[in-house]
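Trainee: what's the 3D shape of this:
(2 chains)
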Amino acid sequence: MLDLSAKSPENAAEMSEYNFAYLDEQTKRMIRRAILKGLAIPGYQVPFASREMPMPYGWGTGGVQVSAATLTPEDTLKVIDQGADDTTNAVSIRKFFEKTAGVATTEETSDASLIQTRHRIPETELSEDQILVYQVPIPEPLRFLEPSEVETRKMHSLEEYGLMHVKLYEDIAKHGAIATAYAYPVKVEGRYVMDPSPIPKFDNPKMEMAAIQLFGAGREQRIYALPPYTKVVSLDFDDYPFEASKADHACDMCGAEESYLDEVIMDDAGNRMFVCSDTDYCAGRRAAGHVGAQAVADREIGQ
Amino acid sequence: MNADALKGGFANAPVGAAHGFRAAMNAMARPGKIEVVAGAVPPAPMSAAAGVLLLTLCDPETPVYLAGAHDCEAVRQWIAFHVGAPLIRPERAVFALGTWDALAPLDQFAIGTAEYPDRSATVIVEQLELVAEGAVLRGPGIKDTARLGLPDVSVFQRNAMMFPLGLDFFFTAKDRLVALPRTTKVEAG
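Mentor: Residues are numbered from 1 along each chain as shown, chains lettered A, B, ... in the order given. You can find the predicted model right below:
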């Protein structure tokens, strides 16, 4: 057991009743073996014996278990929920690991060595020394097309992905364009079709990155992974190519034109504003002096 | 039991295993990149790096195959005490440990099934040294190319052709380890 009592007073909030990073060692070994097989077979969903965590399913139990098995005491952890560091899910998971693993935490993307994310990839480009852990609700990209696990497993083994293309085609037939805006399916290294978790399709092109990407689905008991620089192609058609879309607007807070935006309803009159979904990116830009339309308006009212 | 078998495990199991896994994961995610590990002192002929891998990844749920000189009393006892993994014949092994010559033929190990390609063996090959020159590696985890001295080239080319089935390799020497998953395309350098 790790002797936490010998640690310095700044870790006084750390809980010594638990093993390092909450999970027992045998559970971590089982998760670690699944992660290694996931990295060896990019895009393939490795079954694992997901544990009950002290938070409900849907709150990132898969990501938390992957993070717990991956963290070292020297890591600096960042947790984001839809790009934000300050939402309930992100705050509670960050506190969980502060208490059970005693790791340092940060809100700055570039300072973090391990980032657990729900439904976004940070705007700041990730480096080779970083690890990105995704929380995944439904890991099976074919699940809404074929409810049977026996069937979808067979489809993956036979590389039978026609159904997915039919679904995208039906989008075009009904809406005139591929209407899928998030959890947009990708093909990994020309073999496995994979669910990138419900990230906006704006983030799909970022998945060919320098960092290691790990995906954990707690309720569905699956882990999958992408080694750095793995080829990740969003499915599309020659005449309807994939497009990484975002709201056609600049951030009203920091003026960024290249970042993914959230739409915020301001009042009952239908006024709304667009802000960066990545709070660290937006705050960093504002600290550097960038100003968006709403910030300018607020300043004028203030004067 | 020899008292020496009781020594040489991680001094602090959760932290030792966390560091061991980070090295193993970085190695598997970046084929050809050599990682340095510490914390295990297994009996000869097992290397410290192979000891770290076994302590980090193996337990009573993972049958291990010991090949050749590694199948000795000292290693068996050390694994029994520190890891608790059952020792088993090659076809059923989840992990296999030995020198390249002792592990042959490699087709005796499980390569997974079409529906469960993860049910394949991880082979730990003990070497005298690891060198970052020789065969040219390409594939997931490698930006352009990487180089690694390999005991054979055609074996790894055949292994990669079976993708998504196949074996995943760690090569270990002293306190250093490097990995070669089934996705890596190997060319003679």
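Trainee: CA only for contacts and neighbour counts going forward, please
Mentor: Fine.
Trainee: How about residue 130, nearest residue that isn't a chain neighbour?
Mentor: All of this is about chain A. residue A:113 (4.7 Å; Cα to Cα, 6 or more residues apart in numbering or on different chains).
Trainee: Please refer instead to chain B.
Mentor: residue B:173 (6.3 Å).
Trainee: quick one: contacts for the one you found?
Mentor: B:47, B:48, B:49, B:50, B:126, B:127, B:128, B:129, B:130 (Cα atoms under 8 Å, 6 or more residues apart in numbering or on different chains).
Trainee: Do any residues in the host helix or strand of residue A:38 lie close to chain B?
Mentor: Using DSSP states H and E, residue A:38 sits in helix A:25-40. Yes: counting by Cα under 8 Å from any Cα of the partner chain, chain B has neighbours in helix A:25-40: A:25, A:26, A:29, A:30, A:32, A:33, A:35, A:36, A:37, A:38, A:39, A:40.
Trainee: Put the alpha carbons of that helix into PDB.
Mentor: Output of helix A:25-40 as PDB, limited to C-alpha atoms (Å, rounded to 0.1, in the frame of the first residue of the first chain):
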ATOM      1  CA  GLU A  25      -4.200  -3.400  -8.700                       C
ATOM      2  CA  GLN A  26      -5.700  -6.500 -10.200                       C
ATOM      3  CA  THR A  27      -8.500  -4.400 -11.800                       C
ATOM      4  CA  LYS A  28      -5.800  -2.000 -13.100                       C
ATOM      5  CA  ARG A  29      -3.800  -4.900 -14.700                       C
ATOM      6  CA  MET A  30      -7.000  -6.100 -16.400                       C
ATOM      7  CA  ILE A  31      -7.600  -2.600 -17.800                       C
ATOM      8  CA  ARG A  32      -4.000  -2.100 -18.700                       C
ATOM      9  CA  ARG A  33      -4.000  -5.300 -20.700                       C
ATOM     10  CA  ALA A  34      -7.100  -4.200 -22.600                       C
ATOM     11  CA  ILE A  35      -5.400  -0.800 -23.300                       C
ATOM     12  CA  LEU A  36      -2.400  -2.500 -24.800                       C
ATOM     13  CA  LYS A  37      -4.500  -4.700 -27.000                       C
ATOM     14  CA  GLY A  38      -6.500  -1.700 -28.000                       C
ATOM     15  CA  LEU A  39      -3.300   0.100 -29.100                       C
ATOM     16  CA  ALA A  40      -2.200  -3.000 -31.000                       C
END
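Trainee: Just the buried positions in that helix, please.
Mentor: A:25, A:28-40 (16 or more other Cα atoms under 10 Å in any protein chain shown).
Trainee: hmm, who's touching it?
Mentor: Contacts of helix A:25-40 (Cα under 8 Å, 6+ apart): A:44-49, A:65-66, A:68-70, A:214, A:223-227, B:14, B:21, B:25, B:28-29, B:56-59, B:118, B:168, B:181-183.
Trainee: residues in contact with residue B:29?
Mentor: Residues near residue B:29 by Cα under 8 Å, 6+ apart: A:39, A:40, A:212, A:227, A:228, B:140, B:141.
Trainee: tell me what the helix or strand hosting residue A:132 is packed against?
Mentor: Counting by DSSP H and E, the element that carries residue A:132 is strand A:131-135. Judged by 3 or more Cα pairs under 8 Å, 6 or more residues apart in numbering or on different chains; DSSP states H and E, strand A:131-135 is in contact with helix A:61-70, strand A:114-118, strand A:212-217.
Trainee: Direction included, what does that strand pair up with?
Mentor: Pairing partners of strand A:131-135, with direction, according to DSSP bridges: strand A:114-118 (parallel), strand A:212-217 (parallel).
Trainee: roughly how far apart are the residue lying closest to residue A:107 once chain neighbours are set aside and chain B?
Mentor: Spatial nearest neighbour of residue A:107, excluding adjacent residues (Cα to Cα, 6+ apart): residue A:78 at 5.7 Å. Distance, residue A:78 to chain B, using Cα to the nearest Cα, to the nearest Å: 18 Å.
Trainee: can you tell me which residues contact residue A:78?
Mentor: Taking Cα under 8 Å, 6+ apart, one finds A:85, A:94, A:105, A:106, A:107, A:108, A:109, A:112, A:113, A:114, A:115, A:116 in contact with residue A:78.
Trainee: Please, where are all the helices along chain B?
Mentor: Along chain B, counting by DSSP state H, helices occupy B:13-29, B:48-57, B:73-82, B:100-103, B:154-161.
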